[in-house]
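Participant: Mind folding the following:
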Amino acid sequence: MQRRLIAAILAVVLAGIGALLLFNYVSNADTRAMANQQPVDVLVVTTTVPAGTLGSALGPFVTTKQIPKVALAPGALTSLEEVQNLATIVELLPGEQLMQSRFGEPGTGANGDIKIPENMEVVTISLEDQRIVGTRLAAGSRVSAYVTFDDTTKRIFSDVLIVSANEGLLTLAAKPADVENLILSMELGKVWLTESSVLPSSVTPINVEKLMK
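Facilitator: Residues are numbered from 1 along each chain as shown. Below you'll find the predicted structure:
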């Protein structure tokens, strides 16, 4: 008799706990659903925007619109401040939310590559990560190149533009003479790239004898 009473009490308690958990779950679900329906501001394209348009010039082409939070696209913009100095890399169509991914550095293509400057040639090389500043380099980076032949290291060019960087392959836009030097260096020596900013016009080659002094 006592066992049956205890079992009945436990059943009532468990049923109560189950009902409470179910109530909390439903309440939380309702709260989440209501939160997702909250209106948020987003920039929406009103007029077709050509690729290459600067963010600072987009004012007449977009408007602020309120939409349910659940409909907000990842990376959607609420102001033009973040893209003031960037440009559209694809054509934007009326009705679409203004997305961060639609912008890149001026002159950047839709695939993230940089347009080739005039009077330049492009060449693609592959080097180990430690020879190309790890994973820092990307389209738009500027690099210098150094080569070691036997016991001497020298700089072969500086301030050369990377137009594409993809899975260890780097494509550079350089003057024909610099391309010649790079190809010869890749074939016969060991090449290192460094990320460059402002560098002196020339660097004195160094060898083991000078290094050990």
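Participant: quick one: pLDDT of the closest residue to residue 97 other than its chain neighbours?
Facilitator: Nearest residue to residue 97, sequence neighbours excluded (CB to CB, 6 or more residues apart in numbering): residue 76, at 4.4 Å. (Each C-beta comes from the backbone N, C-alpha and C, glycine too.) At residue 76, the model reports a pLDDT of 89.
Participant: again with the one 10 residues further on
Facilitator: The predicted local distance difference test score for residue 86 is 83.
Participant: Residue 98 too?
Facilitator: For residue 98, pLDDT reads 92.
Participant: give the contact list for it.
Facilitator: By CB atoms under 8 Å, 6 or more residues apart in numbering, the contact list for residue 98 reads 42, 43, 44, 45, 58, 62, 76, 77, 92.
Participant: mind redoing it with 7 Å?
Facilitator: 43, 44, 45, 62, 76, 77 (CB atoms under 7 Å, 6 or more residues apart in numbering).
Participant: Chain neighbours aside, what residue packs nearest to it?
Facilitator: In space, residue 98 is closest to residue 43, 3.9 Å off (CB to CB, 6+ apart).
Participant: The one you found - how many residues pack around it?
Facilitator: 21 (other CB atoms under 10 Å).
Participant: Over to the one 5 residues further on?
Facilitator: With neighbours defined by other CB under 10 Å, the count for residue 48 comes to 10.
Participant: Residue 76 now?
Facilitator: Count around residue 76 with other CB under 10 Å applied: 19.
Participant: Would you state the predicted confidence (pLDDT) at residue 139?
Facilitator: The model's pLDDT for residue 139 equals 77.
Participant: now swap in residue 48 and tell me
Facilitator: 90.
Participant: Check the gap between residue 72 and residue 171 for me.
Facilitator: Separation of residue 72 from residue 171 (CB to CB, to the nearest Å): 36 Å.
Participant: Those two: who's more crowded?
Facilitator: residue 171 (18 against 15).
Participant: Touching, residue 127 and residue 190? I think so.
Facilitator: No: using CB atoms under 7 Å, residue 127 makes no contact with residue 190, being 9.3 Å away.
Participant: where's the closest residue to residue 196 other than its chain neighbours, which helix or strand?
Facilitator: Computed as CB to CB, 6+ apart, the closest residue to residue 196 that is not its neighbour in sequence is residue 144, at 4.3 Å. Element membership of residue 144 [criterion: DSSP states H and E] is strand 142-149.
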